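Asker: Got a predicted structure plus its sequence, pasted below:
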Amino acid sequence: MRDSDWTRILNWPGYRVYQHEIDEKGKLLTLWVRRKRGNQKMVCSVCGRRCASIHEIVQREVRDLPWGEYRTTVIVELYRVKCPNCGPRIEKVEQLPGKAPFSKRFEDTVGRACESAAARRVAQQFGLSESTVRAIDLRYLERWSATRRKPALKQMGVDELFLGKKAKFVTVVSNLESGEPVWFGQDRKKETLDDYFRTELSRGQRTRIEAACVDMWVPFQRSIEEWAPNCVLVYDRFHVMQHANQAVDEVRRSEFSRKGGWRRQVVKGERWLLLSRWVNLSEQKQQQLNQLFSLNRRLMKAYLMKESLERLWQQPNESAAREYLRSWIRQLRWQRLASFEKLAHLLLDHQEGLMAFYRVKIRFGVVEAINGNIRALLRRGRGYRNLRYLLLKVQRLAATKTEFIALQKAA
Ligand SMILES: [Zn+2]
């Protein structure tokens, strides 16, 4: 095979193979590569300026895509150019985006493999260490992120996510329209979200935020009110129902903790049943719940109150919803359900944000779908101590196949 054939198969635009070596035993192919004669355009890798003169010629060795069974190493002749802005700098070459000893297309292949497999498996497949695979994947994602169009933020979701004992809480800001997280911040204080508004958005971008879907978490609300003056707060139904579920659970515990014997045994395993929606339960499970309710009327009342709260979001309009909330609270009278009275106060205090649901069309459930994606990623592979990496990973997941989890949630 002639060098021109090697050049054609290698297919690095602007470069030609001038020497090669085949190690049949070790299954190694080494190709020496330099510029084609016509390729004279040199660009500084730091500032991107065109440069006319060469400071020195150097060689770099990178791993490229395999040829059949052969692992391929490309040794490239590179110029250090005399950049008028930066001084002597290495030139920019498309296949060598960074300092790592891999070609761009090799990194792209590894990065794509990481989209459907854990880093450990990709590491085995390519004969790399796991940490190298993660570093390659991160660069792959950074390059993708740098070139893609990022949708404007008009409807934002703000939520907290518990990442574990070490990383603790992370604040997740998401774009509800594109269904992807846009920012992670360590902790969940007002200052955390302040940081996002200050460092990531211009004044114009902040004023263009129309709505935020949030939990009834005061620090986030204060931050949004301060930084995004046109933003309407809408409380996420999911979070409100979480509070309702907690209230049911408190009733369960206070009603049955004092009781011993078989009654206690009955209720012990029923926690998740009480937290499920009636319509999602099988007939058998519904019967099980009815049995439980026959033991305790108060627990039944709590469950029914929780179930009926869902209809707050199914009213024909805002005034009907306000009336619905009032009557829901009225039903609590004389019931002695302390946890629900607490919930009622919470709902009254946050009534405007609850009712905003009827004024602002917002996609509920997106925040939860995003959190679901993050948790799924965390379960699949460790090594997301790097929040930036985790963020890019979830964004990429959203761009390629989030719909799948989002739809699951909606169903
Ligand atoms: Zn330069």
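Answerer: Yep, that arrived. These figures come from a predicted structure and were not determined experimentally.

Asker: Would you confirm that residue 284 belongs to a helix?
Answerer: Yes - when classified by DSSP: H, G, I helix; E, B strand; the rest coil, residue 284 is found to be part of a helix.

Asker: For stretch 72-83, list every residue counted as buried.
Answerer: 72, 73, 74, 76, 78, 79, 80, 81, 82, 83 (16 or more other C-beta atoms under 10 Å). For every residue, glycine as well, the C-beta is placed using N, CA and C.

Asker: between those, which is nearest the ion?
Answerer: Within the buried residues of stretch 72-83, distances to the ion taken as C-beta to the ion reach their minimum at residue 83, with 3.4 Å.

Asker: and that closest one, what are its bridge partners?
Answerer: residue 87 (DSSP bridges).

Asker: Hmm, residue 48 and it touching each other?
Answerer: No - with contacts counted by C-beta atoms under 8 Å, residue 83 stays clear of residue 48, the gap being 9.6 Å.

Asker: and stretch 354-362, C-alpha only, in CSV?
Answerer: Below are the C-alpha coordinates for stretch 354-362, written out as CSV (Å, rounded to 0.1, in the frame of the first residue of the first chain):
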residue,chain,number,x,y,z
LEU,A,354,-51.0,27.9,44.1
MET,A,355,-53.5,29.9,42.2
ALA,A,356,-50.9,31.2,39.7
PHE,A,357,-51.3,27.7,38.1
TYR,A,358,-54.5,29.0,36.6
ARG,A,359,-52.8,32.1,35.1
VAL,A,360,-49.5,30.7,33.9
LYS,A,361,-49.4,27.7,31.7
ILE,A,362,-46.6,25.7,33.0
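
Asker: Can you find which helix in the protein contains the most residues?
Answerer: Across the chain, the longest stretch assigned as helix under DSSP state H is helix 237-256.

Asker: Could you list the contact residues of the protein toward the ion?
Answerer: When proximity is defined by C-beta under 5 Å from the ion, the chain lies next to the ion at 44, 46, 47, 49, 83, 85, 86.

Asker: Kindly provide the whole-number mean pLDDT of stretch 255-271.
Answerer: Per-residue pLDDT values across stretch 255-271 average out to 69.

Asker: how far does that stretch stretch from start to finish?
Answerer: Criterion C-alpha to C-alpha, to the nearest Å; first-to-last residue distance in stretch 255-271 is 13 Å.

Asker: roughly how far apart are residue 90 and the ion?
Answerer: Taking C-beta to the ion, to the nearest Å as the measure, residue 90 and the ion are separated by 10 Å.

Asker: Wasn't that residue part of a strand?
Answerer: Yes - Residue 90 forms part of a strand when assessed by three-state DSSP.

Asker: correct me, but it touches residue 43?
Answerer: No - the pair residue 90 / residue 43 is not scored as a contact, 10.4 Å apart, by C-beta under 8 Å.

Asker: which residues do the two both contact?
Answerer: Residues within reach of residue 90 and of residue 43 at once, by C-beta atoms under 8 Å, 6 or more residues apart in numbering, are residue 81.

Asker: So for the nearest residue to residue 132 once chain neighbours are set aside, what's the pLDDT?
Answerer: Counting by C-beta to C-beta, 6 or more residues apart in numbering, residue 132 lies nearest to residue 123, which is 7.3 Å off, once chain neighbours are set aside. Confidence per residue is given as pLDDT, and for residue 123 that number is 95.

Asker: distance of the residue of the stretch 301-411 of the chain found nearest the ion from residue 132?
Answerer: Taking C-beta to the ion as the measure, the stretch 301-411 of the chain has residue 388 as its residue closest to the ion, at 26.1 Å. Here residue 388 is placed at a distance of 18 Å from residue 132 (C-beta to C-beta, to the nearest Å).

Asker: Please apply the same query to residue 107.
Answerer: Noted for residue 107: a distance of 10 Å to residue 132, by C-beta to C-beta.

Asker: Tell me which of these two has more neighbours.
Answerer: A side-by-side neighbour count of residue 107 and residue 132, using other C-beta atoms under 10 Å, places residue 107 first with 22 against 18.

Asker: give the contact list for that one.
Answerer: Under the criterion of C-beta under 8 Å, 6+ apart, the neighbours of residue 107 are 97, 100, 136, 139, 140.

Asker: Just the buried ones from those?
Answerer: Among those, those scoring as buried are 97, 100, 136, 139, 140 (criterion: 16+ other C-beta under 10 Å).

Asker: what's the closest of these to the ion?
Answerer: Nearest to the ion, judged by C-beta to the ion, of these is residue 97 at 16.1 Å.

Asker: Residue 104 is in contact with the closest one, correct?
Answerer: Yes - contact criterion C-beta under 8 Å: residue 97 and residue 104 qualify, at 5.1 Å.

Asker: Please report how far residue 317 lies from residue 323.
Answerer: For residue 317, the distance to residue 323 equals 10 Å [C-beta to C-beta].

Asker: again, but for residue 145
Answerer: Between residue 145 and residue 323 the computed distance is 47 Å (C-beta to C-beta).

Asker: So these two - more neighbours on which side?
Answerer: Neighbour comparison, residue 145 and residue 323: the larger count goes to residue 145, with 15 against 11 (by other C-beta under 10 Å).
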